[in-house]
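> Below are the sequence and a predicted model; questions follow.
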Amino acid sequence: MKAIIRQELLALSRERLPLMLFTVFVSMISVSSLIGFLTKTTVSDVWIRTREAGLTSAPNPFASLSPLYYARNSIIYIILVGTLMAIIAGVSSALRDRKAATIDLILSRPTSRSAYIYGKLIGITIWLSLSLFLVGVIAAVVISIIFGAALPASDYARLAVFFLLALPLLSGFAAIGMFAGLLSKRETSALLLPISFWAFVTFVIPQIGTAARPVALLNPVPLPPTSGGPFGALNFFIGPFAVSEQFKVASGKILNDPDISGDFSKAIISILGFAVLTSFLISMVKRTSIRGVLSE
Amino acid sequence: MKSLYVFTEKSICRLSVLSGTRPYCDTMNEFAIVTKDLTKSYKDVVALENLNLSVRQGEIFGLLGHNGAGKTTTVNLLTTLLVPTSGTVEIEGVDSSKSAKDIRKLIGYLPENVQLYNNMTTMENLRFFANLSGLKKPEARIKEVLDYLNFNSHYNKSIGTFSKGMRQRVGIAQAILHNPSVLFLDEPTSGLDPEGVRQLRDVIIRLNADLGVTIFMNTHLLSEVTKTCSSIGILKGGKLAYQNSMNSTLAEFPDQDSLEDIYLSIETAD
């Protein structure tokens, strides 16, 4: 299995599409922090000049904010860019050996099907955790710069837990990408199916249980669930499957966001359950499917 | 010299990991490959029916047949990539139904049209396959094999820049890294130019002569079979229509001018 993991890491470091998405991911996290920094500096400058001019003003809105507030947008970038990066990594990984016609070389060696599949998934998970680590370090450094001093240790710990929680979410989507890549007969469907699944989980399911009070989905604040009535009942059953929304709830709680409401433990169970379920799903792919020839 | 011991029902084979010598078996089987009533069906289609085949140790065996005759299915069954519907496969006395993993340690395989990883070097490609075969720190062994194949100058070059013939050479290298006792080649000369065909033929003959590796190859090129193989089998509609040594085959059909004529006479016979 070690050989598969090592090969996976080497291949992912050389492939264009996952690397491109990784660059976008890192750039967006950095840019979002930069925008936060510029906003804070501009507003604070205006506030200071207003006070210096002897004018009355409402309190500086940034004065009372927790430094972790600036990590808030990272939630949405993980859900939008991070998960797509994970899906692409999973699909690329599953298709690579079929496209290079090396799958028979691998399976004719003393390597079991499960070692092959899980070796790849572990390799991708290590790659994702390295990506999250880098993004986390960038976020921590930029937030410290915005804050103007080193953050309290507890805030760094919260940031670390937040990025750590992103790992099972991304790993689950990578497994979905792998599943599609291992089963699909065409490269295009291998990409389209998991992206459609992602769109359904991220944009459609959250709306089903909360249609009475829709909120912009591209907002780090999760949709408020409807209580009672048919939408409430529907949300009770479907809500846990909206894993991206559950990630917003759990992340918001970890980052001390005052706007977040929701059940933290239910959100954690939903995210971990998603990772376990998807890794179980790929274990069911048969040897004959793995060896299937791509028709394009 | 490091050694890997493979315990089988009938023999104890020592596969030398770092030497270029043929695996030594305390109780050497007479036959490297034996199939008994080997059958593979896909729903209603029988791809291979009751194949009874035996290939002696150290032979270069050529399996001939039209497209769809069942050649690739046979290789896939022998390399444990497919599970037979019925019948048995024994490689070096090891039964595939009982210990497919042990068989995989004994064989090397080069499928048709292998592309390898284009964005990696020869070394990176080979290190991956060596590690999969259980070789630890295989760099020295990789250099040894590439040297043997006169390919050392391409050690650190990207596979993406290679011609089909060069890729086949790397393909051969990955197949022999772990000193297999049986080598399976599926249409090894497919798509090669005449020079590439000649080079590959020389490699196959050298591997057999120097290392004593039993070689099982599927091919369409009958001229290559004549120059390379010591025995042949002909598949027809999923059944073995003929098997004999090359010399006996040529003696058996004195009226035919070439192997091509012999093949066609067997192929067209009822």
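Received it, and whenever you're ready, just let me know what you need. Numbers count the residues shown, from 1 in each chain, chains lettered A, B, ... in the order given.
> Residue 68: what's it in contact with?
In the absence of a named chain, chain A is used. A:143, A:151, A:155, A:158-159, A:255-257 (C-beta atoms under 8 Å, 6 or more residues apart in numbering or on different chains). C-beta coordinates here come from the backbone N, C-alpha and C atoms, glycine included.
> Endpoint to endpoint, stretch B:115-122 covers what distance?
12 Å (C-alpha to C-alpha, to the nearest Å).
> Name the residues of that stretch that are buried.
B:116-117, B:119-122 (16 or more other C-beta atoms under 10 Å in any protein chain shown).
> Stretch B:91-103 and chain A in contact?
Yes - interface with chain A: stretch B:91-103 contributes B:101-102 (C-beta under 8 Å from any C-beta of the partner chain).
> So B:Val213 is in contact with B:Phe184, correct?
No - using C-beta atoms under 8 Å, B:Val213 is not in contact with B:Phe184; the gap is 10.6 Å.
> Against A:Ser92, how distant is A:Arg14?
Taking C-beta to C-beta, to the nearest Å as the measure, A:Arg14 falls 10 Å from A:Ser92.
> Compare these two and say which is more crowded by neighbours.
A:Ser92 (23 against 15; other C-beta atoms under 10 Å in any protein chain shown).
> tell me which element that one falls in.
Element membership for A:Ser92, per DSSP states H and E: helix A:83-99.
> buried sites along that helix?
A:83-98.
> How about stretch A:63-80?
Neighbour counts over stretch A:63-80 (16+ other C-beta under 10 Å) mark A:66-80 as buried.
> Over to stretch A:17-27?
Within stretch A:17-27, the residues scored as buried using 16+ other C-beta under 10 Å are A:18, A:21-22, A:24-26.
> Check the gap between the residue positioned nearest the centre of chain B and A:Val243 for me.
Centroid-nearest residue in chain B: B:Phe184, 1.4 Å away (criterion: C-alpha atoms, centre = their mean). In this view, B:Phe184 and A:Val243 are 45 Å apart by C-beta to C-beta.
> so what's the one residue in chain A that gets nearest to chain B up against?
For chain A, the residue closest to chain B is A:Ala3, as judged by C-beta to the nearest C-beta, at 3.4 Å. Applying C-beta under 8 Å, 6+ apart to A:Ala3 gives the contacts A:111, A:119, B:128, B:131-132.
> quick one: which of these is nearest A:Gly228?
Proximity of these to A:Gly228 (C-beta to C-beta) peaks at A:Gly119, which lies at 47.9 Å.
> nearest residue to the closest one other than its sequence neighbours?
A:Ile4 (2.8 Å; C-beta to C-beta, 6 or more residues apart in numbering or on different chains).
> isn't the one you found right up against A:Thr111?
Yes - using C-beta under 8 Å, A:Ile4 makes contact with A:Thr111 at a distance of 7.2 Å.
> Which of the two has more residues huddled nearby?
Neighbours per residue (other C-beta under 10 Å) separate A:Ile4 from A:Thr111, with A:Ile4 holding more: 24 against 20.
> Look at that one and tell me its secondary structure.
helix (DSSP: H, G, I helix; E, B strand; the rest coil).
> Check the one 10 residues further on too.
Applying three-state DSSP to A:Arg14 yields a three-state assignment of coil.
> ok, it touching B:Asn118?
No - using C-beta under 8 Å, A:Arg14 makes no contact with B:Asn118, being 9.5 Å away.
> List the residues that contact the residue nearest the centre of chain A.
By C-alpha atoms, centre = their mean, chain A has its centre lying nearest to A:Ile78, at 3.6 Å. Neighbouring residues of A:Ile78 by C-beta under 8 Å, 6+ apart: A:166, A:169-170, A:247, A:251.
> Any chance of these in a markdown table with neighbour count and pLDDT as columns?
What follows is the contacts of A:Ile78, written out as a markdown table (neighbours: other C-beta atoms under 10 Å in any protein chain shown; pLDDT from 0 to 100):
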| residue | neighbour count | pLDDT |
| --- | --- | --- |
| A:Ala166 | 28 | 95 |
| A:Leu169 | 26 | 96 |
| A:Leu170 | 28 | 96 |
| A:Phe247 | 29 | 93 |
| A:Ser251 | 29 | 91 |
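> which pair in those spans the largest distance?
A:Leu170 and A:Ser251 (12.8 Å).
> Quick one: name the residues of the stretch 151-270 of chain B near chain A.
Checking the stretch 151-270 of chain B against chain A by C-beta under 8 Å from any C-beta, the hits are B:Gln174.
> Please identify the helix or strand for the closest residue to chain A within the stretch 151-270 of chain B.
In the stretch 151-270 of chain B, no residue comes nearer to chain A than B:Gln174, which is 6.5 Å away by C-beta to the nearest C-beta. In the assignment (DSSP H and E), B:Gln174 maps to helix B:164-176.
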